[in-house]
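In: predicted model, plus sequence, below.
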Amino acid sequence: MSEPVLIQGGMGVAVSNWRLAREVSLSGQLGVVSGTMIDVVMCRRLQDGDPGGHVLRALEAFPDQDIAGDIIEKYYIEGGKSKDEPYRPLPMHSMKTGRPLTEITVAANFVEVYLAKEGHDGLVGINYLEKIQLPTLPSLFGAILAGVDYVLMGAGIPRAIPAVIASLASWQETSLKIAVTGSQPGEEYSVSFNPRQFFRSSPASPRPLEKPKFLAIVSSVALAKSLARKGSAGIHGFVVENHKAGGHNAPPRGGLKLSEDGEPVYSEKDEVDLKQIKDLGLPFWLAGSYWSREAVDQALAEGACGVQVGTPFAFCRESGFDETIKTRVIEMVKSGQARVTTDCRASSSGYPFKIVELDGSLSGEDDYQERCRVCDLGYLREAYRNDDGTVGFRCPGEPQAVYLAKGGCLDDTIGRKCLCNALLSSAGLPQIQSNSDGSYQEKPLVTSGKQLCEIARFMEPGESSYSARSVVDRILEPQPCLSR
């Protein structure tokens, strides 16, 4: 099968859901689901009553029905929970994640890919963040079980992932090194996963699984060269992403300098030499505001296979953004009021993060200050070494006193937003929290590429919404022939 020209970006949490990926895949391009926090997403969908019965249907296809049955019994609420009732929480991932959470993680990744691939033979990928390491192994196994075609990963250096994919596809036990702050010379920390010991009634000789292609998301020639050199046997290609893309961005090279508006300043040092990327001899796609036929043709002329596109899909009808948020953002775009800023402090990951300035969201300073600090999901926590050599976890978005007691620095907590809770809220899955004043609903945080205002081109005159198929068609529409 030939390479796709267009890759739909894997936007989390649950923005690139199975509906969006399936629609793009049906159009003949690469639809991508987000694997970020998908275990929480699945369990909250079940607690909302699983409208349409899609999660339940996918769980019926899961290879171990004992596991599927336990998940349904624990989290499914027929008719859905009441709006003012909090979601039942999941335990946090750790160096020794318990079996129940491991089972949920495998099943959730299986479910999302299964639904995206259901009823057709188009290409489907899944996107992960390298920064979120603890759930990676069971997440990948679940996606591979469902027959995912591509795995994409960025926000870090995913050097170990090709070998991990190969091991999981052949049912071999595998491990993944975990970055631990303060680790001593010679110390290594890792998590492991054994596919043969996962199922409660595992087959004696399981059939080999199809190994998906791996695409590393990079923003520099140096990183691409390093990955190609050390992981060439398993890396299929690259998505070369620039700083105009939404979500997390690589920090500027040569040191962080801020503009008068407080945004990071990017320069020519941050431009990628595409000739050097081409010389690596691997397929690559360009990402970051490549939203037109002209941009696609430019990418092809540079030697790329095509482009990756995120933001236009993020606000289409099939995406997982809360419908109210999509409506508000599109209204702002049409009135010329949409504004996207790059916040160097928002994400606990330490990466700059793009935010749409939206009333009632955590983008506002007052809304941020009003929120009670809590870290009850923990996906962006930092692993650190305790004095006795054990591993602890901390997040600059948690209560400051707690973070300081774990050896954190006060300055690291300033301006940090809880992306875990906020992004779930953006996908219509907000947690209900409690404090001394009663209960409150977590507020959303919306991310987008820098050229958000340009999504208006995908709407027909007089319309206030658009489809994923219209995005594909507008970007890949044939160029008119020029008469001589």
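Out: Nice, I can see it.
In: just the CA coordinates for the helix or strand hosting V111, please, in CSV.
Out: Remark: V111 resides in helix 99-117, with elements defined by DSSP states H and E. Output of helix 99-117 as CSV, limited to C-alpha atoms (Å, rounded to 0.1, in the frame of the first residue of the first chain):
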residue,chain,number,x,y,z
ARG,A,99,-3.1,-5.4,37.1
PRO,A,100,-6.6,-3.8,37.0
LEU,A,101,-5.2,-0.5,35.6
THR,A,102,-3.0,-2.4,33.2
GLU,A,103,-6.0,-4.3,31.9
ILE,A,104,-8.0,-1.1,31.5
THR,A,105,-5.1,0.5,29.6
VAL,A,106,-4.7,-2.4,27.1
ALA,A,107,-8.5,-2.6,26.6
ALA,A,108,-8.9,1.2,26.1
ASN,A,109,-6.3,1.3,23.4
PHE,A,110,-7.8,-1.7,21.7
VAL,A,111,-11.3,-0.2,21.8
GLU,A,112,-10.2,3.1,20.3
VAL,A,113,-8.3,1.5,17.4
TYR,A,114,-11.0,-1.2,16.9
LEU,A,115,-13.7,1.4,16.5
ALA,A,116,-11.6,3.6,14.1
LYS,A,117,-10.9,0.5,11.9
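In: buried ones in that helix?
Out: Of the residues in helix 99-117, those buried under the neighbour-count criterion (16 or more other CB atoms under 10 Å) are 101-117. Every C-beta, even on glycine, is put in place using the N, C-alpha and C of the backbone.
In: from the middle of its chain, how far away would that helix be?
Out: Here the centre of mass of C-alpha atoms in helix 99-117, compared against the chain's by CA atoms, centre = their mean, to the nearest Å, lies 15 Å away.
In: list the helices and strands that helix packs on?
Out: Of the remaining helices and strands, those touching helix 99-117 by 3 or more CB pairs under 8 Å, 6 or more residues apart in numbering; DSSP states H and E are helix 18-26, strand 31-34, helix 38-47, helix 54-60, helix 65-75, strand 124-129, helix 136-145.
In: tilt between that helix and helix 65-75?
Out: In terms of direction (axes from the mean of the first three to the mean of the last three CA atoms, to 10 degrees), helix 99-117 departs from helix 65-75 by 100 degrees.
In: same question for helix 99-117, mean pLDDT?
Out: The pLDDT scores in helix 99-117 average 98.
In: between helix 18-26 and it, find me the angle.
Out: Relative orientation of helix 99-117 with respect to helix 18-26: 40 degrees, computed using the same axes, to 10 degrees.
In: most tightly surrounded among the helices and strands packed on helix 99-117?
Out: For the helices and strands packed on helix 99-117, ranked by mean neighbour count under the definition mean count of other CB atoms under 10 Å, the leader is strand 31-34 at a mean of 31.
In: describe which strands that one pairs with in its sheet and in which direction.
Out: Each strand paired with strand 31-34, and its direction, by DSSP bridges: strand 124-129 (parallel).
In: dump the C-alpha coordinates for the strand it pairs with into PDB.
Out: In PDB, the C-alpha atoms belonging to strand 124-129 read as follows (Å, rounded to 0.1, in the frame of the first residue of the first chain):
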ATOM      1  CA  VAL A 124      -5.400   4.000  11.100                       C
ATOM      2  CA  GLY A 125      -2.700   5.200  13.400                       C
ATOM      3  CA  ILE A 126      -2.300   6.100  17.100                       C
ATOM      4  CA  ASN A 127      -0.400   8.900  18.600                       C
ATOM      5  CA  TYR A 128       1.400   8.900  22.000                       C
ATOM      6  CA  LEU A 129       3.600  11.400  23.900                       C
END
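In: now the strands for the stretch 351-484 of the chain?
Out: When secondary structure is read from DSSP state E, counting those that start in this stretch, the stretch 351-484 of the chain shows strands at 353-356, 382-385, 391-394, 432-435, 438-441.
In: will you turn those strands into CSV that also has mean pLDDT and mean neighbour count?
Out: Conversion of the strands of the stretch 351-484 of the chain to CSV gives the following (pLDDT from 0 to 100; neighbours: other CB atoms under 10 Å):
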stretch, mean pLDDT, mean neighbour count
strand 353-356, 89, 24
strand 382-385, 96, 18
strand 391-394, 97, 18
strand 432-435, 90, 13
strand 438-441, 89, 12
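In: what ranges do the strands span in the stretch 201-350 of the chain?
Out: Chain-ordered strands for the stretch 201-350 of the chain, with DSSP E, counting those that start in this stretch as the definition, fall at 213-218, 235-241, 284-287, 306-309, 340-343.
In: ok, back up a step: how about the helices and strands packed on helix 99-117, which one is nearest L362?
Out: Among the helices and strands packed on helix 99-117, the nearest to L362 by CB to CB is helix 38-47 (18.0 Å).
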